[in-house]
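Asks: fold the stuff below for me.
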Amino acid sequence: MKQILYSPVYGSIGSLIILALLQPFGIDQMGSQRIPFILGECACVFLCLFLSECFFLWVCPRLSSTGNAKRKESSSIWRLAVVLAPSFVINSCLVSASLLSFCGWFYFDDIFNGWIGPEGFTLRPYLNMTAQVMFVAFFIYIWAIYRASNVQLKDELSELRALNKLLEERQEAVATQNEEQPAESLPAAICCIKGNYHNDILEIDPQNIVYVESMSNYADICYMKEGTMEHKTMRITLKQLRESLSEVECLMSCHRAFIVNLNFVVSISPRVSGGYQLDVFGCDKQIPVSRTYIDEIKQRMKIEVKNNK
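Replies: Okay, here's the model as predicted:
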């Protein structure tokens, strides 16, 4: 409820400030009726924006400023501007109709007075009102874009801190487990990865795989061998590799083109283009993380922390 009230409250406050300072619609000539008129118009703005936010959140959340502020996927300011443009136009039309009816009631005690001219029903006063409202509302529209962008940034930073904290807890749990049961004391579980070419085989301990990158019908497998980073390109799809390595808990998909070993992930950092990336030990390559995999990575790390305690 609090989120829904943001746009109506700030929209009506913005309207109050703009109406008081710029005094459009002939407000400067109203005398003692100026304050009641301004408050009445602000009430119309609040009611229209409130009903609009409720409607958009129910029918199409992507068109509301509140819905965009809550979106999981990251959006640039320009994308937010494009997404919020339809709601800006629709809200301006609704507010214009409301204000025109209010003016008819305020001056003539007839809400339909502003819609009727000498020749009957006319849209000219409504179009004039819409043009003026859009001019005033443009400043509120700019504010809504930056508000949605700032809320997204705040949520991303909070999520990033939580992810890195969870990663640190996992690293500590794995380190504790390794101290209690050194890896040298366990037999290496060698698996055989077979490519689609004849004799294209890689025998490796899956724990040593750092990451796998898909390159069309090929896969670049990056792995540790005697303390050095090695690469092997094989003709095999990422789907086939996922099926072959599905039982290895530390390996998981983080992107449609990447599989990563969580044991080699040092930290999670933001990407310049939006979203997150994984910083991997001993590797300069930053591995992107898709939003669709964030919850899965969180859940996997939580389970491993719980199991290793």
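
Asks: residues contacting stretch 104-122, please?
Replies: With contacts defined as Cβ atoms under 8 Å, 6 or more residues apart in numbering, stretch 104-122 is touched by Q33, P36, F37, G40, L100, S101, F102, C103, R124, P125, Y126, M129. C-beta here means a position set from N, CA and C on the backbone, and glycine is covered the same way.

Asks: how about G104, nearest residue that isn't a chain neighbour?
Replies: N113 (3.5 Å; Cβ to Cβ, 6 or more residues apart in numbering).

Asks: phi, psi of the one you found?
Replies: Phi and psi for N113, reported as degrees, to the nearest 10, are phi -60, psi -40.

Asks: how close does it sit to F121?
Replies: Look at N113 and F121: by Cβ to Cβ, to the nearest Å, they are 12 Å apart.

Asks: tell me which of those two has more neighbours.
Replies: Taking other Cβ atoms under 10 Å, N113 and F121 do not tie; N113 has more neighbours (16 against 8).

Asks: just how off-centre is the strand or helix carrying A148 within its chain?
Replies: A148 is part of helix 124-180 when elements are defined by DSSP states H and E. How far helix 124-180 lies from its chain's middle: 6 Å, per Cα atoms, centre = their mean, to the nearest Å.

Asks: and if you look at stretch 13-27?
Replies: Counting by Cα atoms, centre = their mean, stretch 13-27 is centred 34 Å from the centre of its parent chain.

Asks: now for the helix or strand where Y211 lies, which elements pack on it?
Replies: Secondary structure from DSSP H and E places Y211 in strand 209-215. Contacts defined by 3 or more Cβ pairs under 8 Å, 6 or more residues apart in numbering; DSSP states H and E place strand 209-215 against strand 218-225, helix 238-244, strand 258-261.

Asks: lowest average pLDDT across the ones you listed?
Replies: Comparing mean pLDDT across these, the weakest is helix 238-244, with a mean of 88.

Asks: show me what that one is packed up against.
Replies: strand 191-194, strand 209-215, strand 218-225, strand 258-261.

Asks: that helix: what's the following helix or strand?
Replies: strand 251-255.

Asks: winner for burial among the helices and strands packed on helix 238-244?
Replies: strand 258-261 (a mean of 23; mean count of other Cβ atoms under 10 Å).

Asks: name the residues that touch it?
Replies: Under Cβ under 8 Å, 6+ apart, the answer for strand 258-261 is 207, 209-214, 238, 241-242, 245, 250-254, 278, 280, 287-288.

Asks: buried stuff in the following helix or strand past it?
Replies: With elements assigned by DSSP H and E, the helix or strand that comes after strand 258-261 is strand 265-270. In terms of neighbour count (16 or more other Cβ atoms under 10 Å), strand 265-270 has its buried residues at V265, I268.

Asks: swap in stretch 105-122?
Replies: For stretch 105-122, by 16+ other Cβ under 10 Å, it's F106, N113, G114, W115.

Asks: got JSON lines for the residues you listed, with distance to R161, pLDDT and secondary structure too?
Replies: What follows is the buried residues of stretch 105-122, written out as JSON lines (distance: Cβ to Cβ, whole Å; pLDDT from 0 to 100; DSSP: H, G, I helix; E, B strand; the rest coil):
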{"residue": "F106", "distance to R161": "52", "pLDDT": "86", "secondary structure": "helix"}
{"residue": "N113", "distance to R161": "57", "pLDDT": "84", "secondary structure": "helix"}
{"residue": "G114", "distance to R161": "53", "pLDDT": "80", "secondary structure": "helix"}
{"residue": "W115", "distance to R161": "54", "pLDDT": "87", "secondary structure": "helix"}
